[in-house]
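Trainee: Test case, fold it:
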Amino acid sequence: MSIAAAIVYGDRVLAIRRRDNDKWEPPGGTLEPHETIEAGLRREVLEETGLTITNPVLTGVYKNMSKTIVALVFRCEFEGEPVGSTDETAEVAWLTPDEIELRMDQAYAVRLLDALASQAPNVRAHDGTQVLDHE
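Mentor: So this is what the prediction gives:
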């Protein structure tokens with residue numbers, strides 16, 4: 001299972017550009033076997049952005065149909081200032097909704113856009129790049 005954070009500041013959301021694939025995504029990653037969901041979310045965000053998150057609220061559940069991976073996305077508040085880069089992150093930026101759509105694959109952009117638009121959890125499927133139609 002993977003987890004990601006939608007860290008919101010006004011009308012912008014924090015995104016990272018990953019070192020391993022050069023893609024823009026929400027901060028997050030894979031849970032370790034011994035971790036709770038919230039502990040894993042906090043660890044991943046700290047490793048990738050330098051931020052401490054608070055008050056995570058589930059905003060979406062997303063399934064990659066080609067890899068059978070389920071991702072949970074949480075809207076979070078934060079403490080501190082993001083770092084410019086880490087071992088895993090080439091760049092960190094506060095993006096507007098338009099910038100999110102321009103820089104991210106749809107499968108990742110929708111996670112942040114859903115978190116901005118609604119407090120209710122969204123449930124979606126994708127193929128790794130594109131969101132699939134609801135059935």
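Trainee: Any chance you could list what contacts stretch 81-97?
Mentor: The contact list for stretch 81-97 (C-beta atoms under 8 Å, 6 or more residues apart in numbering) reads 9, 11-20, 22, 24, 27, 47-51, 99, 103, 112-113, 116. (Each C-beta comes from the backbone N, C-alpha and C, glycine too.)
Trainee: and what of stretch 19-35?
Mentor: 1-7, 13-18, 37, 40-41, 43-45, 47-49, 71, 73, 87-90, 95, 100, 103-105, 108, 111-112.
Trainee: Would you show me how to pick out the buried ones of those in ChimeraX?
Mentor: Only the buried entries of the contacts of stretch 19-35 go into this ChimeraX selection, using 16 or more other C-beta atoms under 10 Å:
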select :2,3,4,5,6,7,13,14,15,16,17,18,40,41,44,45,48,49,71,73,89,95,100,103,104,108,111,112
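Trainee: Please, where are all the helices along the chain?
Mentor: For the chain, the helices defined by DSSP state H cover 37-49, 97-103, 106-117.
Trainee: So which bits of the shortest one are buried?
Mentor: By that I understand helix 97-103. Buried, per 16+ other C-beta under 10 Å, within helix 97-103: 99-100, 103.
Trainee: What is the nearest of the residues you listed to residue 60?
Mentor: residue 100 (14.1 Å; C-beta to C-beta).
Trainee: Name every strand pairing with the lengthiest strand in the chain and say which way it goes.
Mentor: If each strand of the chain is counted by residues according to DSSP state E, the longest one is strand 52-64. When pairing is defined by DSSP bridges, strand 52-64 lines up against strand 69-79 (antiparallel), strand 122-126 (parallel).
Trainee: what residues does that strand touch?
Mentor: The list of residues contacting strand 52-64 from outside it, by C-beta under 8 Å, 6+ apart, reads 5-7, 38, 41-42, 45-46, 69-80, 107, 110-111, 114-115, 118-128.
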